[in-house]
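Asks: How does the following fold in three dimensions:
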Amino acid sequence: MSRLSRRRALGAVAATAAAGALAAGTAQPAAAHGRPRPPAPLPQAHAHNDYEHPRPLLDALDHGFGSVEADIWLVDGQLLVAHDAVDLDPARTLEALYLDPLLARVRAHRGAVHRGWGQDFQLLIDIKTPGDATYRELSQRLRPYRSVFSSATPGRVHTRAVTAVISGDRAARAPMEAERVRYAFYDGRPEDLGSGAPASFVPLISANWTSLFSWPGTGPFPAAQRDVLHRYVGAAHAAGQRVRFWATPDVPGPARDAVWSELLAAGVDHLNTDDLPGLAAFLRARGGGA
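Replies: This next block holds a predicted model:
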C-alpha cells in the first residue's frame, strides 16, 4: 500500500471510530457557547509516526494524547520531519511542525500542553541520519525552547511541560552523555534494562513487541509470555523507567484490543498506535483520561 493510500485508509478508520464514539457516548460533550470541550488527556496514548496525520501534533492533541513521535533528518543544516528520504520537504521542519506549536500551546495554557494537566508531555524524536551530527544540531535547536523543555544537569532533572526523548540512531548517545546541561533524554532498549543507566538519562525503555513476544493477540496469551511481560515492566518501573513497545498489532479488531488490554494490565506506560481515535476510544472505554 502506498503512503498516500495508507493515509486515506487511516482517515476512513478515524471517521468510523469517531462515529462509533459518538454512538457509544464516549466522545467529549460540547462546552459552553458551542465549542468542543477539550478531551481529558491520555498519558498512555503515544502517536507513532505522528507527522503522517493530516495535522501533525494537533490531531494527537485533539484526541488527548500524551506522547507523539517525530522522525528527523539532518539535511543542509535543517532538521526535516519525514519517515523516508523521498518524503523530505524543506517546509516540514521540526520547529514548524512541533517546537513552535508546542511553545505556543504551553504559553497559552499557562505552562502545560494540555490545559490544567500536571504531567509533562513526551516528544519522542527518532533520528534517521547519523546520530552524532544530528543530535548535536538538535541540541542547539532545543535551547531556544528551554523554557518549556525538561532538562538535566549533573545530579538533577528539571521537569517542564515537554520532555524530549531521543530514539533512532544510537550514535546520539555519546554526545548526549557528554553534555553538562541537556534538554533531551535517551530512549533505551531492552539491553539497557538493569544496566545501571539511570532514569535521569534513560527514562524510557522501548522494544519491538515481536522481538520479545510471539503472541499476536489471537487465542489466550501464553502464561509464560505474560509472566515475562510483567517482570519486564516491573524491572523498568523499579528503576524509575517507563516502557513502550512498537510493532504491536494495530489493525482494529479483537486481536489489537487483546494485546492492548494485556499491556494495560501489565502497567505498560505508552501504547503505540497510528490510529488516534481508535486508541483514544479504547482507553476512554476503560476509564482512561487524566
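Asks: give me the number of residues near residue 211?
Replies: Residue 211 has 12 neighbours, counted by other Cβ atoms under 10 Å. Quick note: C-beta positions are derived from backbone N, CA and C, even for glycine.
Asks: any idea how far residue 266 is from it?
Replies: Relative to residue 266, residue 211 is positioned 17 Å away (criterion: Cβ to Cβ, to the nearest Å).
Asks: would you list every one of the helices in this structure?
Replies: Assigned by DSSP state H, the chain shows helices spanning 3-24, 58-62, 94, 100-108, 131-142, 173-178, 209-212, 223-238, 254-266, 276-285.
Asks: Tell me which of those sits nearest to residue 195.
Replies: Ranking the helices of the chain by distance to residue 195, with Cβ to Cβ as the measure, places helix 223-238 first at 11.0 Å.
Asks: Mind giving me the packing neighbours of that closest one?
Replies: strand 242-246, helix 254-266 (3 or more Cβ pairs under 8 Å, 6 or more residues apart in numbering; DSSP states H and E).
Asks: who's in contact with residue 90?
Replies: Residue 90 makes contacts with 78, 80, as judged by Cβ atoms under 8 Å, 6 or more residues apart in numbering.
Asks: So for the longest strand anywhere in the chain, what gets flagged as buried?
Replies: Scanning the chain for the longest strand, with DSSP state E as the assignment, gives strand 65-75. The neighbour-count check on strand 65-75 (16 or more other Cβ atoms under 10 Å) flags 65-74 as buried.
Asks: Please apply the same query to stretch 198-209.
Replies: Applying 16+ other Cβ under 10 Å to stretch 198-209 flags 199, 201-207, 209 as buried.
Asks: So in that sheet, which strands flank the longest strand of the chain, and in what orientation?
Replies: strand 42-47 (parallel), strand 78-81 (antiparallel), strand 121-127 (parallel) (DSSP bridges).
Asks: Could you check the angle it makes with strand 242-246?
Replies: Per axes from the mean of the first three to the mean of the last three Cα atoms, to 10 degrees, the angle that strand 65-75 makes with strand 242-246 is 70 degrees.
Asks: Now residue 199, what are its backbone angles?
Replies: In terms of degrees, to the nearest 10, the main-chain angles of residue 199 are phi -60, psi -20.
Asks: what's the spacing between it and residue 124?
Replies: Residue 199 is 16 Å from residue 124, by Cβ to Cβ.
Asks: Ok, residue 99 next?
Replies: In terms of Cβ to Cβ, residue 99 sits 14 Å off from residue 124.
Asks: from the chain's centre, how far out does the longest strand of the chain sit?
Replies: Centroid displacement of strand 65-75 relative to its chain, using Cα atoms, centre = their mean, to the nearest Å, is 8 Å.
Asks: Surely residue 70 is in contact with residue 52?
Replies: No: counting by Cβ atoms under 8 Å, residue 70 does not reach residue 52; the two are 10.4 Å apart.
Asks: Quick one: neighbours of residue 177, just the number.
Replies: 11.
Asks: got the contact list for it?
Replies: With Cβ under 8 Å, 6+ apart, residue 177 has these contacts: residue 201.
Asks: coming back round to it: closest one to residue 286 among the strands paired with strand 65-75?
Replies: Among the strands paired with strand 65-75, strand 42-47 sits nearest to residue 286 (Cβ to Cβ), with 10.1 Å.
Asks: Farthest-apart pair in the buried residues of stretch 198-209, please.
Replies: Top of the distance list for these (Cβ to Cβ): 201 and 209, 24.3 Å.
Asks: Pull up the per-residue confidence for the residue nearest to residue 156 when sequence neighbours are not counted.
Replies: Nearest residue to residue 156 in three dimensions, chain neighbours excluded: residue 200, at 7.9 Å (Cβ to Cβ, 6 or more residues apart in numbering). Note on residue 200: pLDDT of 97.
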